[in-house]
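1. 3D model of this:
(chains A, B, C and D)
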There are 2 protein chains.
Amino acid sequence: MTTQTTADLLRLHKLRPTRQRVALAALLFDGAPRHVTAETLHGQVKDMGITLSLATIYNTLHQFTKVGLLKEIKGIGDATWFDTNIDQHHHFFDITNDHLIDIPASSITISNLPDSPEGKVIEGIDVIVRLSDKHYSE
Amino acid sequence: MTTQTTADLLRLHKLRPTRQRVALAALLFDGAPRHVTAETLHGQVKDMGITLSLATIYNTLHQFTKVGLLKEIKGIGDATWFDTNIDQHHHFFDITNDHLIDIPASSITISNLPDSPEGKVIEGIDVIVRLSDKHYSE
DNA sequence: CAATTAATTTAAAACCATTCTAAACTACTT
DNA sequence: AAGTAGTTTAGAATGGTTTTAAATTAATTG
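-> Below you'll find the model as predicted:
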């Protein structure tokens, strides 16, 4: 994705294409699915020779989430993850290396869910499948 | 549960029945299913006129978890929850009031899960069903 | 295109849940 | 009763995240 279209993408969402936001958007929205935390993204950006404050990373991740460019995933590991896959979906979480893999919502069938309590509706369902290394000994 | 049997329960798990642990065990293991965080438990204990340091609450919750008296639930809301239901199970989480309700594992059927990545095995599956208030308008 | 305005970025402080530390205390053993 | 090992505690430290207020920069206006 060129810098030009990245700027356009931001403008499309009413976000000023600042140097910082363009850098982050270019990195995040290059087409490959990505899972980042504020810290991992900060590191990746630093590796590219760009210095951004962590506060800006947080601000930007939240802004991108608000306009629908990212999906926020809490409750996996210790930090908050942001996912470029914004469709409803679930996750494998590899506890050996804190790695996330998407599972399309259509790839899991959940049935026989008990009734919701009176007056409550289901807002969403999150499935986390924890993975660890297979051990061949025994 | 009487103080005597609470002390016995603790001794059974090789935990000294200190004043603090007896108070917490009596509160937690009275038969009703309970979901607590360190903060909610600290508040409940304080309401009973007993003063315990937060550090002790954390220590004790972790010790109870280690011996199998509690189950630790991370990733729901901002704090770590501890559940007196130690069976494998899932949760409704009411986002309007941070209230948890257990869903027995047997009450949910999950099928068609994609294959785990090569060399990985499933450690566990966590399902969180987020609830909010039903709105009748529209 | 210079000046103004409003949004953005930033360093640093603050926050909150949790853990650590090291000293004081207490249950159990002798 | 004395010793010792386990436990509790206040307070400091930690880690992820948010807030604050000042400095900077993008967009707008004249």
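2. what number of residues lie near A:Arg21?
-> 22 (other C-beta atoms under 10 Å in any protein chain shown). Backbone N, C-alpha and C define where each C-beta goes, glycine included.
3. what helices or strands is the helix or strand harbouring it leaning on?
-> Element membership for A:Arg21, per DSSP states H and E: helix A:19-28. In this structure, helix A:19-28 makes packing contacts with helix A:3-12, helix A:38-47, helix A:54-66, judged by 3 or more C-beta pairs under 8 Å, 6 or more residues apart in numbering or on different chains; DSSP states H and E.
4. If you count contacts, what does the first one end up packed against?
-> Counting by 3+ C-beta pairs under 8 Å, 6+ apart, the packing neighbours recorded for helix A:3-12 are helix A:19-28.
5. just to revisit the earlier point, just name the most buried of the helices and strands packed on helix A:19-28.
-> helix A:54-66 (a mean of 17; mean count of other C-beta atoms under 10 Å in any protein chain shown).
6. out of everything not next to it in sequence, what's closest to A:Gln63?
-> A:Leu15 (6.1 Å; C-beta to C-beta, 6 or more residues apart in numbering or on different chains).
7. And A:Ile128, by the same measure?
-> Once flanking residues are discounted, A:Ile128 sits nearest to B:Asp126: 4.7 Å by C-beta to C-beta, 6+ apart.
8. I'd like to know how far the one you found sits from B:Ala105.
-> Distance of B:Asp126 to B:Ala105, given as C-beta to C-beta, to the nearest Å: 11 Å.
9. For those two, work out which one has more neighbours and name it.
-> The neighbour comparison of B:Asp126 against B:Ala105 (other C-beta under 10 Å) goes to B:Asp126, with 20 against 14.
10. what's the spacing between the host helix or strand of the more buried one and its chain's center?
-> Per DSSP H and E: B:Asp126 is located in strand B:120-133. Counting by C-alpha atoms, centre = their mean, to the nearest Å, strand B:120-133 is centred 15 Å from the centre of its parent chain.
11. Report the buried residues of that strand.
-> For strand B:120-133, burial by neighbour count (16 or more other C-beta atoms under 10 Å in any protein chain shown) applies to B:120, B:125-131.
12. Contacts only, for the residue lying closest to A:Arg16 once chain neighbours are set aside.
-> Leaving aside its sequence neighbours, A:Arg16 sits nearest to A:Leu10 (C-beta to C-beta, 6+ apart; 7.1 Å). Contacts for A:Leu10 (C-beta atoms under 8 Å, 6 or more residues apart in numbering or on different chains) come out as A:16-17, A:21-22, A:25.
13. can I assume A:Gly68 is in contact with A:Asp87?
-> No: between A:Gly68 and A:Asp87 there is no contact under C-beta atoms under 8 Å: 11.2 Å.
14. Closest approach to DNA strand D from chain A, which residue is it?
-> Closest contact between chain A and DNA strand D, by C-beta to the nearest atom of the strand, is at A:Thr80 (3.1 Å).
15. Output the buried residues of strand B:120-133 as CSV; include the columns distance to B:Ile95 and pLDDT.
-> Formatted as CSV, those follow (distance: C-beta to C-beta, whole Å; pLDDT from 0 to 100):
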residue, distance to B:Ile95, pLDDT
B:Lys120, 31, 96
B:Ile125, 21, 95
B:Asp126, 17, 95
B:Val127, 15, 96
B:Ile128, 10, 96
B:Val129, 11, 96
B:Arg130, 6, 95
B:Leu131, 7, 95
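16. just to revisit the earlier point, and the contacts of A:Leu10, which are buried?
-> Counted by 16+ other C-beta under 10 Å, the contacts of A:Leu10 give A:17, A:21-22, A:25 as buried.
17. Tabulate the residues you listed (JSON lines), appending pLDDT.
-> JSON lines is the format used below for the buried ones among the contacts of A:Leu10 (pLDDT from 0 to 100):
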{"residue": "A:Pro17", "pLDDT": "96"}
{"residue": "A:Arg21", "pLDDT": "97"}
{"residue": "A:Val22", "pLDDT": "97"}
{"residue": "A:Ala25", "pLDDT": "97"}
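18. A:His13 versus A:Ala7, what's the distance?
-> 11 Å.
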